[in-house]
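**Q** Let's see this in three dimensions:
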Amino acid sequence: MNELKDSDTVILFYDHKVVVADDTYFWNVNAIVSYLANQSLFLLVESSSQCVFTIDLKSDISKSLSAECVSLRSVIFSDTGAESFILGKANQIVEWYNSHQYCGSCGGSNIFGEGQRVMHCPSCHIQYFPRINPCVIVLITRGREILLARSSRFRSGFFSCLAGFIEIGETAECTVHREIKEEVGIRVDNVRYIKSQSWPFPSQLMLGFHADYVSGEIALEPTEIEEAAWFDISDLPSVPSAEISVAGELIQLYKEEIDQIKA
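**A** Purely as a prediction, here's the structure:
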């Protein structure tokens, strides 16, 4: 606690939710210190002249702060600014810390490492760094049409690009071909990388690709995809915002490309 500066800010989590008041989730140290238990651990998120820390609260102090606990997803989807990146990073740090309290090899208690973000086992000396799960997300195009799908697992109502985790032994490009074949039964080629995005649900690195349709009819994998169809780029269903999601950016970039050809 003595190492904190008055200018430092803190992001608070309780029960996997963000403590928010007046549309902000950055708390000044002095505003919250009297409500915190002595054992509260401040985890560094961003280091600069004004550092950002995060705490996973053991009790709900939101009412004392005239605040409320809000889901991470709802906050990020309503905040299109750069600050949402820091919030996502803070959540990933909290989840990593909480899931590595004990060593997976010997079962002993881990301790927080000095000088770097690592959990360390003093018994068998294994180090546990934050884990990132690499995924692919793919925009499939056929002329003016793009293939979009709705997930069977998330009832968001949005149609989006196909996505999946990279498996052991795969390249990202291999994952693109496998996921597309498994989820909608078609073949693609000319797979090219576009851009990436950190995605904190729970801790993913989304690798965005564009691929061209080759052959096949849509055949859904029902446990993964509830609905998929081809849509004209000028007549799209509800899709993710380009300001929030790399899927939205892939769609927007292709729309701009088609509009330029049309012009």
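**Q** roughly how far apart are the residue nearest to Arg192 when sequence neighbours are not counted and Gln127?
**A** Using CB to CB, 6 or more residues apart in numbering and skipping the chain neighbours, the partner closest in space to Arg192 is His210 (5.5 Å). Every residue, glycine included, has its C-beta placed from N, CA and C. His210 sits 37 Å away from Gln127, going by CB to CB, to the nearest Å.
**Q** Between these two, which is the more surrounded one?
**A** His210 (21 against 12; other CB atoms under 10 Å).
**Q** Check the offset of the host helix or strand of the more buried one from the chain's centre.
**A** Secondary structure from DSSP states H and E places His210 in strand 204-215. How far strand 204-215 lies from its chain's middle: 18 Å, per CA atoms, centre = their mean, to the nearest Å.
**Q** Let me see the ranges of the strands in the stretch 51-200 of the chain.
**A** Under the criterion DSSP state E, counting those that start in this stretch, strands of the stretch 51-200 of the chain are mapped to 52-56, 68-71, 111-112, 119-120, 127-128, 133-142, 145-151, 162-165, 187-199.
**Q** so what secondary structure elements neighbour the longest one?
**A** Which is strand 187-199. helix 83-98, strand 133-142, helix 172-184, strand 204-215, helix 246-262 (3 or more CB pairs under 8 Å, 6 or more residues apart in numbering; DSSP states H and E).
**Q** Let me have those in TSV, extended by distance to Ile61 and mean pLDDT.
**A** Output for the helices and strands packed on strand 187-199, formatted as TSV (distance: least, CB to CB, whole Å; pLDDT from 0 to 100):
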stretch	distance to Ile61	mean pLDDT
helix 83-98	16	93
strand 133-142	31	98
helix 172-184	42	98
strand 204-215	30	98
helix 246-262	35	93
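**Q** so which of those comes closest to Ser109?
**A** Ser109 sits nearest to helix 83-98 of all the helices and strands packed on strand 187-199, at 13.1 Å, using CB to CB.
**Q** So in terms of bridging, what pairs with Val136?
**A** On the basis of DSSP bridges, Val136 is bridged to Gly164, Leu207.
**Q** Tell me, how many residues neighbour Asp168?
**A** Just to correct that, residue 168 is Ile rather than Asp. The local packing of Ile168 (other CB under 10 Å) involves 4 other residues.
**Q** contacting residues around it?
**A** By CB atoms under 8 Å, 6 or more residues apart in numbering, the contact list for Ile168 is empty.
**Q** And it, how far from Gly104?
**A** Ile168 sits 17 Å away from Gly104, going by CB to CB.
**Q** Below-threshold pLDDT in the stretch 101-250 of the chain: ranges please.
**A** The stretch 101-250 of the chain contains residues with pLDDT under 70 at 154-156.
**Q** helix or strand right after the strand holding His210?
**A** Counting by DSSP H and E, what follows strand 204-215 is strand 225-232.
**Q** Setting the sequence-adjacent residues aside, check what's closest to Cys124.
**A** Cys106 (4.7 Å).
**Q** what's the distance between the one you found and Ser123?
**A** Going from Cys106 to Ser123 by CB to CB gives 5 Å.
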